[in-house]
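In: can't give you the sequence, but here's the structure:
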């Protein structure tokens, strides 16, 4: 029985690890398996369902799916808290190894959890239109990830660091990603609330894991389970206690709270890693969108640099052939795809930039011109630029002048010069 349970747990762990790698960790641009499971299969399913039921039914399904992760969140979180209130609180009252004050603390954490989620769902990331364009026009184009051009969807100037989000159907300033758990795009004006939502849930999971762990540990000590003798229900044989048998005993006796304990422990690690990632990119003044774009850019830069150095070593080109640095040509190959919580949702097509038979020197790898140092980077998140006096004054001035945006000629001629030029690293 125990060996069968071990095999089942082992098989589940391997299956979970493979799914996590293929669907989350692996890059669809480089991994055929990831591209097949993340891109090809969903496309085939969508096409088949659309052909079978028609576009009208698909539209209704999409509206439901837009809220599906929010519904899943409520089921998991409210279900887990219901178990804690129904089974965990009585166990805390009986236990001598954890204070009953943690019952009151639990109510506070529950309110914090639901409030942070609700607030993050409601707060807008900001919406760029012809009218609000001056309010969000803070950043210089780096001519790498962002160039001065029109948005092909909204037909207005595409501000640096902005992106049109097809899920919310809004042009979002300082676009980070679309979060299905909030059914909300994350951008300039709500990224701080997204971080608060993450922090509260990481704290909730760690705190809940510790509290339930104390209850279960108290059971082990109170009944001296480490020195107990158990009987095999099938054979009737005596079995000396070990950690696995004790865990199995606790799991069977306290099935509900053990299930919540496992869930919270796993989510503590997952959400903790996710929070650390967002704190890291915030410290570098990057968005999730930019983080993965920089990954693609560095990969393309290395490829072109290797190709150039190989051609130079073979004597096909000289170092003074006038080709010069063409970093912008490399950046033109970057694709613009949908960004979810874990990165690009599908592998985007590589755009035309450099011909296969063309050899260029990409030059030095540029740096991130938006990085102003860790303190100013966090300050920019806590107090978004669009809420500051300079942006509001610029916006009010445009309203007073009757200029709700710019003409196409003005958009194409618009140049920023209030930010530092790109630096090389």
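Out: Perfect, thanks for sending it. The model shown is predicted, which means the values in this text are computed figures rather than measured ones.
In: Point out where the stretch 251-400 of the chain drops to low pLDDT.
Out: Low-confidence segments of the stretch 251-400 of the chain (pLDDT under 70): 317-358.
In: All the strands of it, in order from the start?
Out: 339-340, 343-344 (DSSP state E, counting those that start in this stretch).
In: swap in the stretch 51-200 of the chain?
Out: Ranges of strands within the stretch 51-200 of the chain are 163-165, 170-172, 177-179, 184-186, based on DSSP E, counting those that start in this stretch.
In: What mean pLDDT does the first one get?
Out: Pointing back at strand 163-165 there. Strand 163-165 comes out with an average pLDDT of 92.
In: From the chain's centroid, how far away is that strand?
Out: 16 Å (Cα atoms, centre = their mean, to the nearest Å).
In: returning to that earlier point: and the strands of the stretch 51-200 of the chain as JSON lines, adding mean neighbour count and distance to residue 106?
Out: All C-beta spots, glycine's among them, are computed from the backbone N, C-alpha and C. Converted to JSON lines, the strands of the stretch 51-200 of the chain look like this (neighbours: other Cβ atoms under 10 Å; distance: least, Cβ to Cβ, whole Å):
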{"stretch": "strand 163-165", "mean neighbour count": "23", "distance to residue 106": "36"}
{"stretch": "strand 170-172", "mean neighbour count": "24", "distance to residue 106": "36"}
{"stretch": "strand 177-179", "mean neighbour count": "25", "distance to residue 106": "26"}
{"stretch": "strand 184-186", "mean neighbour count": "26", "distance to residue 106": "27"}
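In: among those, which is nearest residue 264?
Out: strand 177-179 (20.6 Å; Cβ to Cβ).
In: That closest one: how far from the chain's middle?
Out: Relative to its parent chain, strand 177-179 has a centroid offset of 7 Å by Cα atoms, centre = their mean.
In: ditto for stretch 295-315
Out: 30 Å.
In: do the same with stretch 122-130
Out: 19 Å.
In: Identify the residues contacting it?
Out: Applying Cβ atoms under 8 Å, 6 or more residues apart in numbering, the contact partners of stretch 122-130 are 132, 136, 154, 156, 159, 162, 168, 170-175, 184-191, 193, 384, 386, 404-406.
In: taking the residues you listed one by one, which sit in helices?
Out: 191, 193 (DSSP state H).
In: Generate the ChimeraX command that creates a selection of the buried members of the contacts of stretch 122-130.
Out: In ChimeraX, this line selects whichever of the contacts of stretch 122-130 come out buried by 16 or more other Cβ atoms under 10 Å:
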select :132,136,154,156,159,162,168,170,171,172,173,174,175,184,185,186,187,188,189,190,191,193,384,386,405,406
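In: wait, which of the strands of the stretch 51-200 of the chain is closest to residue 146?
Out: Judging these by Cβ to Cβ, what sits closest to residue 146 is strand 163-165, at 9.5 Å.
In: who does the closest one touch, helix- and strand-wise?
Out: Strand 163-165 is packed against strand 170-172, with contacts defined by 3 or more Cβ pairs under 8 Å, 6 or more residues apart in numbering; DSSP states H and E.
In: Name every strand pairing with the strand it packs on and say which way it goes.
Out: strand 163-165 (antiparallel) (DSSP bridges).
In: quick one, which of the strands of the stretch 51-200 of the chain is nearest to residue 221?
Out: The nearest among the strands of the stretch 51-200 of the chain, by Cβ to Cβ, is strand 177-179 at 41.7 Å.
In: Report all helices and strands that that closest one contacts.
Out: Where contact means 3+ Cβ pairs under 8 Å, 6+ apart, strand 177-179 is packed against strand 184-186, strand 339-340.
In: Name every strand pairing with the longest one and say which way it goes.
Out: What it means is strand 184-186. Sheet pairing for strand 184-186, using DSSP bridges, gives strand 177-179 (antiparallel).
In: any weak-confidence spans in the stretch 51-200 of the chain?
Out: In the stretch 51-200 of the chain, no residues with pLDDT under 70.
In: all helices of it, in order?
Out: For the stretch 51-200 of the chain, the helices defined by DSSP state H, counting those that start in this stretch occupy 55-66, 68-83, 89-94, 101-122, 191-222.
In: Present the ones you listed as CSV; the columns should include distance to residue 281.
Out: Shown next, in CSV, are the helices of the stretch 51-200 of the chain (distance: least, Cβ to Cβ, whole Å):
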stretch, distance to residue 281
helix 55-66, 26
helix 68-83, 22
helix 89-94, 38
helix 101-122, 18
helix 191-222, 10
